[in-house]
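Participant: need coordinates for the below:
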Amino acid sequence: MRKLILVQWDIRLGPNALVQFPPEPNFPPNELLLKIWAKHETTPNSNFISFLDTSNKKKYCSLLKKSQSKNETFFILLELDIESDEHIYREILENVGNELIFNYNKPHFTHILSDTYRAIKNYAEMDEKQLYFRLFEDNIRIHILQTLRNGCISKAALREKLRSQFGYIQLNLDLLLTPFIRLRLIKVMQIPGDEESIFLLSDFFVYRTPLSFRPANKVIEKKIQRFFLKDQILSDREVHQLVPLFEHIETLQLINLITLHKDKGISYSAGLELLKDKKNLLIAIEEADIIDTTQDNKIFLISDIQFHSFKPKYLIPILQKRYLNKEISLEQLMKQLELII
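Facilitator: Sure thing, here's the model as predicted:
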């Protein structure tokens, strides 16, 4: 991501670029902003669009937002490298858009703008493990995951299921599906003669794993051995409980640092410094049996969390039953089988 730009739309004057980060004297030309606005106007039922500026080898994505309190219209614009996947930015723009607009012209707005830029950049650079944890942030995505484990389903049928079984209404389904798509777990396709459908490409399970080396501390070694006497496949609920820990990038950095030191562990002070003195976070990571602190104030890894993906061939008998019950069409059945076999 190159740049974050906040633009206000004036019905009489057209687009007005208000601010951008990183700060530069020149904004994108008005002609470009008009083309982006026109695409918003001509794209039905979508407040998120992308625009390719081939002459300058740039790509833009834009989220249209209306401020209810100010009765004004804005679009939040990202300037991207031409090869970037613009779809990965939609979710984070939806999350930060209201705060950005609400705080415009307030004394602390410069700070909000730079923080928003960093938040968007960090989100786009999330690694695979962080993306998997996003699936378990809230019950809506967990219910979507459980539904998709029965194979293909139309978007309309998924909406209805989420409404009738769980009481979810007025959902932005495209937004909720973003991490599934980024992880290549699903594919959204239009089947001839059918509406847009979601197909499961891969499933996964979550498990704890010990490290590949023995810790130098014998007490820690025995604790790890006792810990892994029982099954360490995690349920959806157990993964959900771990999400608050892995929302902090520092948790992953701590695990990586201890892994680099292999059997020797790291000092308690180094771990606390890496976590930016968040002592409560360090305690929570230890209570989750991810790390342990010895009497001589050394931190060792007890377990790491891994996500293992696989082709969901278990779907074959499920799909057969669903087809016979007329829950899916022949075209949906054949396409889902083609994707997993």
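Participant: any regions of the stretch 1-150 of the chain where pLDDT drops low?
Facilitator: 68-70 (pLDDT under 70).
Participant: all the strands of it, in order from the start?
Facilitator: 3-10, 14-21, 48-53, 58-67, 72-81 (DSSP state E, counting those that start in this stretch).
Participant: and whichever helix or strand residue 189 is part of, which strands flank it?
Facilitator: Assessed by DSSP states H and E, residue 189 sits inside strand 186-190. The pairing partners recorded for strand 186-190 under DSSP bridges are strand 196-200 (antiparallel).
Participant: now do the partner strand, average pLDDT.
Facilitator: Mean per-residue pLDDT for strand 196-200: 95.
Participant: try stretch 278-296
Facilitator: So the average pLDDT for stretch 278-296 ends up being 95.
Participant: ok, back up a step: list the buried ones in the strand holding residue 189?
Facilitator: Neighbour counts over strand 186-190 (16 or more other C-beta atoms under 10 Å) mark 186, 187 as buried. Placement of C-beta: from N, CA and C, glycine included.
Participant: with stretch 330-341 instead?
Facilitator: 332, 333, 335, 336, 337, 339, 340.
Participant: my guess is the fourth one contacts residue 313. True?
Facilitator: So the one you mean is residue 336. No: Residue 336 lies out of contact with residue 313 (C-beta atoms under 8 Å); the separation is 11.3 Å.
Participant: before we move on, back to that, just the CA atoms of the strand holding residue 189, as CSV, please.
Facilitator: What follows is strand 186-190, C-alpha atoms only, in CSV (Å, rounded to 0.1, in the frame of the first residue of the first chain):
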residue,chain,number,x,y,z
ILE,A,186,-13.4,-21.1,-0.4
LYS,A,187,-14.2,-20.0,-4.0
VAL,A,188,-17.2,-17.8,-4.8
MET,A,189,-18.6,-18.6,-8.3
GLN,A,190,-21.6,-18.0,-10.5
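Participant: can you give me how far it is from the chain middle?
Facilitator: 18 Å (C-alpha atoms, centre = their mean, to the nearest Å).
Participant: cool, stretch 148-158 as well?
Facilitator: Taking C-alpha atoms, centre = their mean, one finds the center of stretch 148-158 at 20 Å from the center of the full chain.
Participant: likewise for stretch 77-96?
Facilitator: Using C-alpha atoms, centre = their mean, the offset of stretch 77-96 from its chain centre is 12 Å.
Participant: repeat for stretch 162-170
Facilitator: 22 Å.
Participant: repeat for stretch 88-102
Facilitator: Taking mean C-alpha positions (C-alpha atoms, centre = their mean), stretch 88-102 and its chain are 13 Å apart.
Participant: which of the residues in that stretch are buried?
Facilitator: Quick answer for stretch 88-102 (16+ other C-beta under 10 Å): 88, 89, 90, 91, 92, 93, 94, 96, 97, 100, 101.
Participant: mark which of the buried residues of stretch 330-341 are part of helices, please.
Facilitator: 332, 333, 335, 336, 337, 339, 340 (DSSP state H).
Participant: and the longest helix along the chain, what's buried?
Facilitator: Longest helix in the chain, counting residues (DSSP H): helix 109-124. For helix 109-124, the neighbour count (16+ other C-beta under 10 Å) marks 109, 112, 113, 116, 117, 120, 123, 124 as buried.
Participant: out of those, the closest to residue 229 would be?
Facilitator: residue 123 (38.5 Å; C-beta to C-beta).
Participant: check contacts around that closest one.
Facilitator: Going by C-beta atoms under 8 Å, 6 or more residues apart in numbering, residue 123 touches 88, 89, 91, 92.
Participant: try 6 Å
Facilitator: Going by C-beta atoms under 6 Å, 6 or more residues apart in numbering, residue 123 touches residue 92.
Participant: got it, and residue 40?
Facilitator: 49, 64.
Participant: now it: how far from residue 196?
Facilitator: 21 Å (C-beta to C-beta, to the nearest Å).
Participant: now swap in residue 328 and tell me
Facilitator: Residue 328 is 14 Å from residue 196, by C-beta to C-beta.
Participant: can you check residue 141 too?
Facilitator: 19 Å.
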